[in-house]
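S.K.: Below are the sequence and a predicted model; questions follow.
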Amino acid sequence: MKIGVIGAGVMGRGIAQVSAMAGHSVVLFDINFDVLQAAEQGVTKNLAKAIELGKLDEAGMKSTLSLLQFTNSIADVKVDLIIEAIVERLDVKSKVLAELAEINGEDTIYASNTSSIPLTQIAAGFIYPSKVVGIHYFNPAHIMKLVEVISAEQTSPEVLSKAKEYVSSVNKKCIVAKDAPGFIVNRVARHFYVEGLKILEEDVASHDVIDDLVRSSGFKMGPFQLMDLIGVETNLSVTESMYSLFNYDQKFRPNRIQQKKVQAGYYGRKSGKGFYTYDK
């Protein structure tokens, strides 16, 4: 199967990597050439780390890289399955998917990696609504084992089945979720971030102490480390979307501390500064 991944940010490059490692031919598209270069470097670094850990050999790395095409020309994205991993805005997603539909037609499957936008809403404005499905990875995509497959009201059973087959092919654990706000994981995990931010806002503890306590409880990362990894602005966008979808229930209220970080351009690892400071 030939896969097209739209968006070469941290999530997109991870999806492209795992797809290529599973033997799929992959076209990774982004309009920003610098982002594409960073993606290629990031994937190469991840594969080298896998070799170091004994999870991959040199032949596997060479094979994976040979299956990856990095492009800033959307015309190159002529594929069997598209997975968009771009900004959490319905208007942007709809515009890009419409362009891809003109290139690919009705035989292609159009998947969204959206964290919170209803799939039924995405499909409603699309020329081939029955071909829309959710394939939702978790960050970092090359490590996290779980993938949610979400069926819109319009998704055909055949498309849902093919999406599940794809997830199995990349050696991920597939769960099928209904098209509800936040699906399963983000609905549960939203309070991991929101409550951490409330504790910080109330000056109960500093962000690094909160992260230390969470890690000592068995989590790989604390909420502030994870927001920096995902992107503080991406995480905020998902919270704002879910706040609206749940009719402004206060338990989903976005936090002013996070909003100020975004206003300052402190997006986390990608910008060199978030709740922590990083070497770029």
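M.R.: Arrived safely, thanks for sending.

S.K.: for this structure, longest helix please?
M.R.: For the chain, the longest helix by residue count, based on DSSP state H, is helix 33-52.

S.K.: those strands in this protein, which residues are they?
M.R.: 2-6, 25-29, 68-71, 81-84, 109-112, 132-136, 146-151, 173-178 (DSSP state E).

S.K.: Go through these and name the closest to Q258.
M.R.: strand 132-136 (21.6 Å; CB to CB). In this view, the C-beta of every residue, glycine as well, is placed from N, C-alpha and C.

S.K.: elements contacting that closest one?
M.R.: Judged by 3 or more CB pairs under 8 Å, 6 or more residues apart in numbering; DSSP states H and E, the packing partners of strand 132-136 are strand 109-112, helix 119-124, strand 146-151, helix 157-169.

S.K.: looking at the ones you listed, which is buried most?
M.R.: strand 109-112 (a mean of 26; mean count of other CB atoms under 10 Å).

S.K.: Note down every partner strand of that one and its orientation.
M.R.: Partners of strand 109-112 in the sheet, by DSSP bridges, are strand 81-84 (parallel), strand 132-136 (parallel).

S.K.: Kindly reformat the helices and strands packed on strand 132-136 as a markdown table containing mean pLDDT and distance to H24.
M.R.: Listed next are these as a markdown table, based on pLDDT from 0 to 100; distance: least, CB to CB, whole Å:
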| stretch | mean pLDDT | distance to H24 |
| --- | --- | --- |
| strand 109-112 | 98 | 13 |
| helix 119-124 | 95 | 22 |
| strand 146-151 | 96 | 14 |
| helix 157-169 | 97 | 7 |
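
S.K.: Including distance to A75, could the ones you listed go into CSV?
M.R.: CSV is the format used below for the helices and strands packed on strand 132-136 (distance: least, CB to CB, whole Å):
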stretch, distance to A75
strand 109-112, 17
helix 119-124, 23
strand 146-151, 28
helix 157-169, 23
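
S.K.: right, and those - which one's nearest M1?
M.R.: Closest among the helices and strands packed on strand 132-136, using CB to CB: helix 157-169, at 6.8 Å.

S.K.: name the helices or strands packed onto the closest one?
M.R.: So helix 157-169, by 3+ CB pairs under 8 Å, 6+ apart, packs with strand 109-112, strand 132-136, strand 146-151, strand 173-178.

S.K.: Now render those as a markdown table, adding distance to A50.
M.R.: Converted to a markdown table, those look like this (distance: least, CB to CB, whole Å):
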| stretch | distance to A50 |
| --- | --- |
| strand 109-112 | 25 |
| strand 132-136 | 22 |
| strand 146-151 | 19 |
| strand 173-178 | 19 |
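
S.K.: Relative to K62, which of those strands is closest?
M.R.: strand 146-151 (26.0 Å).

S.K.: which residues are in contact with stretch 118-136?
M.R.: Contact with stretch 118-136 is made by 83, 90, 93-94, 97-98, 101, 106, 108-115, 147-156, 159-160, 163, 166-167, 177, 179, 181, 183, 185, 245, as judged by CB atoms under 8 Å, 6 or more residues apart in numbering.

S.K.: do you know which of the helices and strands packed on helix 157-169 lies nearest R215?
M.R.: Among these, the nearest to R215 by CB to CB is strand 146-151 (19.7 Å).

S.K.: CA atoms only: put the lowest-mean-pLDDT helix or strand in the chain into CSV for me.
M.R.: Here the helix or strand of the chain ranked lowest by mean pLDDT, DSSP states H and E is helix 232-245, holding a mean of 91. Taking Å, rounded to 0.1, in the frame of the first residue of the first chain, the C-alpha atoms of helix 232-245 are listed here in CSV:
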residue,chain,number,x,y,z
VAL,A,232,2.0,23.6,23.6
GLU,A,233,-0.1,25.3,20.9
THR,A,234,-1.3,21.9,19.6
ASN,A,235,-2.3,20.8,23.0
LEU,A,236,-4.1,24.1,23.7
SER,A,237,-6.0,23.8,20.4
VAL,A,238,-7.3,20.4,21.3
THR,A,239,-8.4,21.6,24.8
GLU,A,240,-10.2,24.6,23.2
SER,A,241,-11.9,22.3,20.8
MET,A,242,-13.1,19.9,23.4
TYR,A,243,-14.2,22.8,25.7
SER,A,244,-16.5,23.9,22.9
LEU,A,245,-17.7,20.4,22.0
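
S.K.: Turn the strands paired with strand 109-112 into JSON lines, columns for distance to E202.
M.R.: As requested, the strands paired with strand 109-112 are arranged in JSON lines below (distance: least, CB to CB, whole Å):
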{"stretch": "strand 81-84", "distance to E202": "38"}
{"stretch": "strand 132-136", "distance to E202": "32"}
